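# could you look at this predicted model? Sequence included:
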Amino acid sequence: MPGDKKIKDIMVGVFEYPHIPYWFSISQAIRMFKASFLDTKKYIYPMVILVFDEKYNLMGTLTLADILKGLDPRFLKTAAKTKSQEKEEKDLSHILDTLFDKESKGLAEKPVGEIKAPAKYFVEPDDSIKKAAYIMLRNDLILLPVLENKKKLVGLVRMIEVFDALSDGML
């Protein structure tokens, strides 16, 4: 029965994902993505890099979208659109001409700590898969850290394994 399975039954190892410290630059993260995923054609779902602090505590995750947003700050804004943004969107050719321009090269030296998605939500190895599903769906997450005793990172649970475990009893 899917309700009987625990997080520890479906979690994946932390070291299946590349990881970097928060002070690494966006350009270093780009090289890490290329070496870990694109050059090797190893497309682990989801493609993320884990971001750690100096004590090896998980601070957050970094995706391809996070990197692209960091290279053009206009994408980092998630609040309501301003009138100038609305006007800019109407002039699509202007937007396309200025996206990812020379300024982006300079922004590539920013630390990833400024653009990472923070790790706010966690589960423990003995938590139910239903709890992970709830947290992930409620917060639009595809990856959730697994902490032992609310401190030590021991693995990750992905939406694909949560879906697989919960859907087993539905067919």
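All right, it came through fine.
# okay, and the helix or strand of the chain with the least pLDDT?
Scoring the helices and strands of the chain by mean pLDDT, DSSP states H and E places helix 92-98 at the bottom, with a mean of 59.
# convert the C-alpha atoms of the next helix or strand after that one to PDB, please.
Per DSSP states H and E, the first helix or strand lying C-terminal to helix 92-98 is helix 102-107. What follows is helix 102-107, C-alpha atoms only, in PDB (Å, rounded to 0.1, in the frame of the first residue of the first chain):
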ATOM      1  CA  LYS A 102      27.100  42.300 -22.600                       C
ATOM      2  CA  GLU A 103      25.800  43.200 -19.100                       C
ATOM      3  CA  SER A 104      25.000  39.500 -18.600                       C
ATOM      4  CA  LYS A 105      28.700  38.600 -18.800                       C
ATOM      5  CA  GLY A 106      29.400  40.900 -15.900                       C
ATOM      6  CA  LEU A 107      26.400  39.500 -14.000                       C
END
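# which non-adjacent residue is nearest the residue nearest the centre of the chain?
Central residue of the chain (Cα atoms, centre = their mean): T61, 4.0 Å from the mean position. Leaving aside its chain neighbours, T61 sits nearest to V48 (4.5 Å; criterion: Cβ to Cβ, 6 or more residues apart in numbering). Glycine gets a C-beta too; all of them are placed from N, C-alpha and C.
# what's the neighbour count on the one you found?
V48 has 24 neighbouring residues, counting by other Cβ atoms under 10 Å.
# tell me how many other residues crowd the nearest residue to L62 once chain neighbours are set aside.
Nearest residue to L62, sequence neighbours excluded (Cβ to Cβ, 6+ apart): I49, at 4.5 Å. For I49, the neighbour count with other Cβ under 10 Å is 23.
# list the contacts for the residue nearest to T61?
Applying Cβ atoms under 8 Å, 6 or more residues apart in numbering, we find V48 in contact with Y17, T61, L62, T63, L143.
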